[in-house]
Every structure is written in structure tokens, then in C-alpha cells.
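K.L.:
Build me a model:
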Amino acid sequence: MNWAHIHLLLNHVPVLGTIFGLAILAYALVRRNDDLKRLALGMFVTVGLLALPVYFTGEPAEEAVEHVVGVSESFVKAHEAAALVSLIGVELLGLIALVGLYLSRGGRRLSAKITRATVVVSLVTAGLMCPHGEPGRPDQPR
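P.N.:
Reported below is the predicted structural model:
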């Protein structure tokens with residue numbers, strides 16, 4: 001197993017983790033359940049941590065595929081730029097979630113400000129990680 005394999009193995013964790021965490025958080029808000037809110041925050045912290053090896057194994061993965069026929073340099077560069085923006089979003093989300101968990105330790109209620117910030121940042125981050133028709137993708141018209 002090499003760095004490219006690790007990148008491919010982990011690269012969907014931040015995307016799916018953010019989406020599932022957002023779904024759990026939305027359900028927790030509807031149910032007014034602080035335990036489920038904490039679960040969502042814990043997921044966001046975990047996603048933030050796992051996004052780091054995904055991002056830092058991207059360069060070795062690029063080197064592994066840069067000479068493969070059908071891989072466009074413009075696609076790789078667009079993917080790299082989107083990955084950096086997504087990493088910033090997911091790390092901010094993980095940091096806010098970590099603060100929320102810290103402040104709610106000992107069974108204290110979660111702050112409404114932290115909850116709102118988490119919802120907003122998770123929505124933005126999920127949007128950043130959605131495909132936007134990057135150049136060079138075969139399924140997108142040019």
C-alpha cells in the first residue's frame with residue numbers, strides 16, 4: 001500500500017462525514033437532543049482530523065497518476081485547489097465543534113451560538129466539497 005492508496009481509501013471520509021454529521025445535527029435540532037448534537041460535533045472533530053491525511057497524501061497520489069493516459073493536468077490542479085478550500089472549511093468546522101464539545105463538557109447545555117455556527121459552517125463546507133464541474137472531467141460538457 002502506498003500514499004496514493006491511502007488517499008483513495010480516505011478521500012470520501014471528510015465529504016460523507018460532513019454530510020452525515022450535518023444530517024445528525026439537523027435531526028438533533030428538530031428533536032432538541034443535546035446528546036445527538038454532541039454526536040454530530042464529535043463527528044465533525046473526527047472528520048477534521050481525518051481530512052489532514054487525506055489532504056497531505058494528495059500530492060503523492062498526484063505523482064502516481066500524473067502520467068496516466070486520460071488524466072488531465074487541469075483537472076488535477078482544479079481538484080487540488082478545491083481540496084485546499086475544502087480543507088480550510090472542514091478544519092474550521094472541526095475547531096468550532098471541538099470548542100462546542102469542550103464548553104458542553106460535564107453535561108452542560110450546548111451554546112446556541114456554537115450550534116448556529118456549526119450549522120452554518122457545516123452547510124458551507126458541504127457545499128465546498130460538492131463537485132462543481134471541474135475542467136477535464138469526462139462527464140461534464142466543455
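K.L.:
Which helix or strand lies directly C-terminal to the helix ranked longest in the chain?
P.N.:
Criterion DSSP state H: the longest helix present in the chain is helix 73-103. Scanning forward in sequence from helix 73-103 by DSSP states H and E, the next helix or strand is helix 112-128.
K.L.:
Quick check: buried residues in that next one?
P.N.:
For helix 112-128, the neighbour count (16 or more other C-beta atoms under 10 Å) marks 114-115, 117-118, 121-122, 125-126, 128 as buried. Quick note: C-beta positions are derived from backbone N, CA and C, even for glycine.
K.L.:
Which neighbouring elements make contact with that helix?
P.N.:
Contact partners of helix 112-128 among helices and strands, from 3 or more C-beta pairs under 8 Å, 6 or more residues apart in numbering; DSSP states H and E: helix 13-31, helix 34-56, helix 73-103.
K.L.:
export that helix as CSV, just CAs?
P.N.:
Provided in CSV are the C-alpha atoms of helix 112-128 (Å, rounded to 0.1, in the frame of the first residue of the first chain):
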residue,chain,number,x,y,z
ALA,A,112,-26.9,28.2,20.8
LYS,A,113,-24.2,30.3,19.2
ILE,A,114,-21.9,27.3,18.8
THR,A,115,-24.8,25.3,17.4
ARG,A,116,-25.7,28.0,14.9
ALA,A,117,-22.0,28.5,13.9
THR,A,118,-21.7,24.7,13.4
VAL,A,119,-24.8,24.5,11.2
VAL,A,120,-23.6,27.4,9.0
VAL,A,121,-20.0,26.2,8.7
SER,A,122,-21.1,22.6,8.0
LEU,A,123,-23.5,23.8,5.3
VAL,A,124,-20.8,25.9,3.7
THR,A,125,-18.2,23.1,4.0
ALA,A,126,-20.6,20.5,2.5
GLY,A,127,-21.2,22.9,-0.4
LEU,A,128,-17.5,23.4,-0.9
